[in-house]
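Peer 1: here is my input, please return the structure:
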Amino acid sequence: MCILNETHFENIMKNILIVVRSVSFGIGVGGMEKAATQHIYEMRDKGYKIYLIAPDNKVKGNIPPFVNFIDVSWPHWDKYKVLMTMGLAYHQWCKRVAKKITTMEKDVDIIHFHGASAGTLAFLSKKLINSKATVVNPHGMEEFGSGSYLRLANRLFTRSLLKKSHLADFIIATDNILVRNVAVNLKVQPEKIYVVPNTIDIQQLESKVKKSDRMKSISIVSVGRIEHNKGYDLLAAALVKLKSTNKIAENFSWDHYGNGKMRDKIIDYSIKNSIPLVVHVGASDEDVQSAIANSSIFVQPSRYEGSSLTTLEAMTHGALIVAMPVGGIPDKIFDKKTGFLCKAVTTSALAMSLNEALNNTSNDEIRSNAKKYVQENFDISVSSKKYDELYKKIMTSKGCQ
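Peer 2: Prediction:
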């Protein structure tokens with residue numbers, strides 16, 4: 001056993017293994033997928049050698065040449081969503097990941113788990129865990145929120161996997177306001193929680209925007225998976241409420257970027273109630289960022305949320321934002337200052353905040369405040385530095401074999 005000083009760490013302790021169920025390189029709108037991708041680039045830029053474990057069929061886009069990719073296949077029998085086998089498949093996948101990690105123990109110094117891949121820790125030996133720096137970013141933890149009873153079995157499995165986070169050296173909270181949630185949900189002591197904000201590469205995001213003048217009509221944009229916890233049914237109902245009381249222009253539009261199990265239900269409801277919804281599936285990141293930047297209003301209607309990368313992206317572009325008071329969003333959206341924060345997670349509260357935003361679409365001060373706040377607090381340089389400091393802290397305290 002030897003104690004590392006900082007110089008020793010810089011020389012040898014720079015091999016990091018990132019474990020994630022799905023990851024997206026330039027394609028997709030999933031928060032965890034995008035956060036994992038950004039984490040990979042951040043650590044590369046800090047001089048780390050990157051190893052990535054994920055199922056090959058759940059990697060979108062082209063894997064960068066600097067990434068040492070290890071395919072750990074997802075159970076082939078988890079094909080039919082109606083059978084609700086994803087939770088069990090996740091459990092089996094974590095066992096496969098643990099087996100693979102054991103064979104490459106000498107190649108990595110740091111293991112960073114994203115989401116419920118934290119369950120892998122339960123299948124690793126205590127000796128291996130003690131010899132590596134282990135970190136978990138649980139992300140949104142939707143498993144601990146409300147959802148369909150049909151998906152209860154999946155949630156119970158992934159909840160159980162996430163609770164294995166206590167075996168890691170540190171667990172990430174992406175906002176100060178989320179520390180208590182992480183501690184309660186994962187049953188860990190607050191001193192084991194390390195705050196690293198989900199951040200964005202502001203310069204890169206801005207370069208993707210194809211600028212155009214905002215339309216004279218009201219254009220509403222939303223981005224994310226169309227699932228129960230994301231609350232797009234609440235947004236649809238709020239728009240119906242505004243339309244029925246003539247509080248929104250007849251020629252408004254709603255463009256949503258993303259896919260999910262509730263897509264057809266939201267589309268059918270919108271058609272029935274004459275809501276002009278267009279769902280864009282498989283859009284490029286450039287198209288998504290341009291839509292956000294050129295929107296009249298960006299809406300984040302989640303029932304349950306983590307840090308919300310899409311909210312940060314919208315702030316980067318100076319969008320006028322309406323958001324629910326969930327997860328880390330209240331650390332970013334301050335009502336009538338950097339956007340409009342709903343009073344509660346209800347259709348009525350969302351309709352009320354939307355109405356306020358509709359009366360302030362030309363308010364450049366709110367847009368400017370949002371852009372300034374994200375630049376000062378959530379640029380990629382902030383999280384890169386904090387992760388680097390955390391890894392050094394753990395490895396220095398553990399020493400090396």
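Peer 1: mind saving the C-alpha coords of the helix or strand hosting residue 278 as PDB?
Peer 2: Using DSSP states H and E, the secondary-structure element containing residue 278 is strand 277-280. Coordinates of the C-alpha atoms in strand 277-280 are reproduced here as PDB (Å, rounded to 0.1, in the frame of the first residue of the first chain):
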ATOM      1  CA  LEU A 277     -49.000  19.300 -31.700                       C
ATOM      2  CA  VAL A 278     -46.200  18.000 -33.900                       C
ATOM      3  CA  VAL A 279     -44.000  15.300 -32.400                       C
ATOM      4  CA  HIS A 280     -40.500  15.200 -33.900                       C
END
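Peer 1: and the pLDDT for residue 146?
Peer 2: For residue 146, the pLDDT comes out at 54.
Peer 1: before we move on, back to that, and the helix or strand that the strand holding residue 278 is followed by, what does it pack against?
Peer 2: Tracing the chain C-terminally past strand 277-280 and defining elements by DSSP H and E, one meets helix 285-293 next. Here helix 285-293 is seen to pack against strand 219-223, strand 253-257, strand 277-280, helix 309-316 when contacts are counted using 3 or more Cβ pairs under 8 Å, 6 or more residues apart in numbering; DSSP states H and E. C-betas here are computed from N, CA, C, even on glycine.
Peer 1: what's the first helix or strand after helix 285-293?
Peer 2: Moving toward the C-terminus from helix 285-293, the first helix or strand encountered (DSSP H and E) is strand 297-300.
Peer 1: for that following strand, which strands pair with it and how are they oriented?
Peer 2: Looking at strand 297-300 with DSSP bridges, its paired strands and their directions are strand 219-223 (parallel), strand 321-323 (parallel).
Peer 1: which of those is buried the deepest?
Peer 2: Of these, the one with the most neighbours on average (mean count of other Cβ atoms under 10 Å) is strand 321-323, at a mean of 28.
Peer 1: of all the strands paired with strand 297-300, which one comes closest to residue 195?
Peer 2: Residue 195 lies closest, by Cβ to Cβ, to one member of those: strand 321-323, at 20.4 Å.
Peer 1: helix or strand next in line after the closest one, which one?
Peer 2: Toward the C-terminus from strand 321-323 - assigned by DSSP H and E - lies strand 340-341.
Peer 1: give the buried residues for the very next helix or strand once past that next one.
Peer 2: Next helix or strand after strand 340-341 toward the C-terminus (DSSP H and E): helix 347-358. Within helix 347-358, the residues scored as buried using 16 or more other Cβ atoms under 10 Å are 347, 349, 350, 351, 352, 353, 354, 355, 357, 358.
Peer 1: what sits against the nearest residue to residue 97 once chain neighbours are set aside?
Peer 2: Counting by Cβ to Cβ, 6 or more residues apart in numbering, the nearest residue to residue 97 once its immediate chain neighbours are dropped is residue 120, at 4.6 Å. Counting by Cβ atoms under 8 Å, 6 or more residues apart in numbering, residue 120 makes contact with 19, 94, 95, 97, 98, 101, 113, 164.
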